[in-house]
Structure formats: structure tokens, C-alpha cells
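[1] curious how this folds, go ahead:
(chains A and B)
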Amino acid sequence: MLTISMSTTIAIRGVNKELYRKIKAYAALEGRTIGSIVNEALRMWLESREHPLYEKWRKIKESREKNYKWLKENYEELCAKHKGMYVAVSEGKLIGIYKDFKSAARAVEKLPLEEAMIIKIGEPLERKIDLGLPADILK
Amino acid sequence: MDMWSPTVKITVANPLKTVTKEIYVKIDTGFNGGLFLPFKVYIELGLHLFETSKVVASIATGELVELLTSRAIIAIKDAEYPCTAYTSLRANRSLLGLEILSKLRVSIDGKSKKVLIKDPKA
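    As a prediction, the model looks like this:
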């Protein structure tokens, strides 16, 4: 089978300098062209958008970002007043503050929401973990 | 040749136990979380309504991936274990990690292709 690779030369404005610097470094390390890495990234981006659940994913991510922003802005006050209680947030808006997780979860479940976040007030808003997962489970 | 994977059947529920699902999960000692699920299963269980703090995970290649995370409950035999469930849009497998495995007595008999989970209280 003969495979014909179609390629073109384009100029792109607004590329983040730091990202470009890293891509250049990886390309050199892996002995690849920047074009092949950009093609791989574009392919992955397109595959994500073509995923049947992408819209659902996008809405959840958007809501999560808004929640995270709201929590960051209000966390100090929440910790001062309600430490140990549970806060429920959705779409960047406060749903309520509850004495235990189950009460928060029950309140959330009754509402027609795309996504909701329930945090124990006082616990870190962000965690870094080492999953050690192979990359292929995310393909 | 297909490699055999140590797999067990578990029941997963959302934190209120209003939705439950039976799934097969691969035992993965390289994963230090509780449960890793395909996004579709995560949604079917309604876990997107009980999300927890932001989690950035490093995978085996060192890349960082932001995951969705939620509380969940899993049942194995007669015992229940609250745990953290993780997912990503492109997650395509169910994995059972050390957060749960460390609470169980699991024997893997590779030659007979069997996984034995003993009563964790024994």
C-alpha cells in the first residue's frame, strides 16, 4: 500500500514562547521535527473533540474551573467561619454549607446540575498525586 | 498473544449509593489511587455531582494530566470501601489501585490465571 503524506508550510501567530521552547527541546531530544510534534498534538486535539462525550466533558471542566476560582477567592473566609464543614459549589456559585458530606451530597443530587464539587472546608483545594499509570490508558 | 491481566469484579456506587454498577477492574499496584474509571462509567454513576478538589496527576512518562475526581464506594464480597475515583476524557480502562488494595488480602496466581481475595478481616 502506498501512503502519500500531505504536508504544507504555515506560519502561526501567537504561539506561546515557553511552549515553543519546550517543544523544540523535546524535538531535539527525540530526534523529531517540530512539524511532526505539532501534527501529533493537532491529531490528539481533534480526537478529543470528536469523542462522543466531549460536550459533557467540556461542561464539567468549565464548571470545575468556575468552582475552583470561586473557592480560591472565598476559601480564607470559609476556613475562618466554617472549618470542618462541607461546602458545595456548582458553576462557580455556592449551593450551600453543610455539617456533613451526606447532607451536602443529598442537596446536590436534588438539583439539575451539570457538575458539582463538595469540599471539606480546611482541606487543600489542589492535590498532586503520582498515579504511575501507563500513558496508553489515556489514548 | 494476549497477556492475562489480574482482574476482579466489583460493585461501584456513588457516595449516596443511589446508582451502582458492577464492573471488572484490573489490579494495578503501580496506581496509588483508589479507582480509575472510563469517563462513561464515571458519568453513569453520577460521580460528576460529587467531585472533590483539583488533582494533577503524574503518569508513568512524567507527563502531568488533570483528572476529574470524586468520592465513590466500592463493594468487594460483603465489605464496602469508600475511595477516590479518578477519570479522564480518554480513560479507557478500569483499574483498582493501592488505596483499596492496601486494605485487602489479594493473592494473584498467574499460572492458574486466578485472583483470590480473602476476607480482609481474616
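
[2] what about the nearest residue to A:G35 once chain neighbours are set aside, how many neighbours?
    The shortest distance from A:G35 to any residue other than its chain neighbours is 7.0 Å, reached at A:S7 (C-beta to C-beta, 6 or more residues apart in numbering or on different chains). Bear in mind the C-beta positions are built from the backbone N, C-alpha and C, glycine included. Neighbour count of A:S7, defined by other C-beta atoms under 10 Å in any protein chain shown: 8.

[3] tell me the confidence at A:S7?
    For A:S7, the pLDDT comes out at 84.

[4] isn't it right up against A:V38?
    No: proximity of A:S7 to A:V38 does not meet the contact threshold set by C-beta atoms under 8 Å, at 10.7 Å.

[5] now the common contact residues for those two.
    Between them, A:S7 and A:V38 have no joint contacts when contacts are counted by C-beta atoms under 8 Å, 6 or more residues apart in numbering or on different chains.

[6] residues of stretch B:69-80 that come out buried?
    Buried positions in stretch B:69-80, judged by neighbour count with 16 or more other C-beta atoms under 10 Å in any protein chain shown: B:T69, B:S70, B:R71, B:A72, B:I73, B:I74, B:I76.

[7] sorry, back to before: helix or strand: which one has the residue nearest to A:G35?
    Using DSSP states H and E, A:S7 sits within no helix or strand.

[8] give me phi/psi at it?
    A:S7 adopts backbone torsions of phi -140, psi 160, taken as degrees, to the nearest 10.

[9] near chain B, which residues of chain A?
    Within reach of chain B by C-beta under 8 Å from any C-beta of the partner chain, chain A has these residues: A:47-48, A:51, A:53-54, A:56-57, A:60, A:64, A:68, A:101-102, A:105-106, A:108-109, A:113-119, A:123-135, A:137-139.

[10] strands of chain B, start to end?
    Secondary structure of chain B (DSSP state E): strands located at B:7-13, B:20-27, B:35-36, B:54-58, B:64-76, B:79-87, B:95-96, B:105-109, B:114-118.

[11] mind giving me CSV with these and columns for distance to A:G92 and mean pLDDT?
    Compiled in CSV, those are given as follows (distance: least, C-beta to C-beta, whole Å; pLDDT from 0 to 100):
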stretch, distance to A:G92, mean pLDDT
strand B:7-13, 28, 95
strand B:20-27, 30, 96
strand B:35-36, 27, 94
strand B:54-58, 14, 84
strand B:64-76, 17, 91
strand B:79-87, 22, 93
strand B:95-96, 31, 94
strand B:105-109, 42, 91
strand B:114-118, 42, 88
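
[12] and those strands, which is most packed in?
    Scoring the strands of chain B by mean neighbour count under mean count of other C-beta atoms under 10 Å in any protein chain shown gives strand B:35-36 as the most buried, with a mean of 27.

[13] which residues touch that one?
    Around strand B:35-36, the neighbours that count as contacts under C-beta under 8 Å, 6+ apart are A:131, A:133, A:137, B:12, B:25, B:28, B:72, B:74, B:83-87, B:91, B:93-97, B:99-100.

[14] hmm, back to that, of the residues of chain A next to chain B, grab the buried ones for PyMOL.
    Selection command for PyMOL covering only the buried members of these, criterion 16+ other C-beta under 10 Å:
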select buried, chain A and resi 56+57+60+64+68+101+105+108+109+115+116+117+118+119+129+131+132+133+137+138
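
[15] show me the residues of chain A next to chain B that map onto strands.
    When the residues of chain A next to chain B are checked against strands (DSSP E), the matches are A:M117, A:I118, A:I119, A:E126, A:R127, A:K128, A:I129, A:D130.

[16] the first one pairs with what?
    Looking back up the chat, that one is A:M117. A:V89, B:E51 (DSSP bridges).
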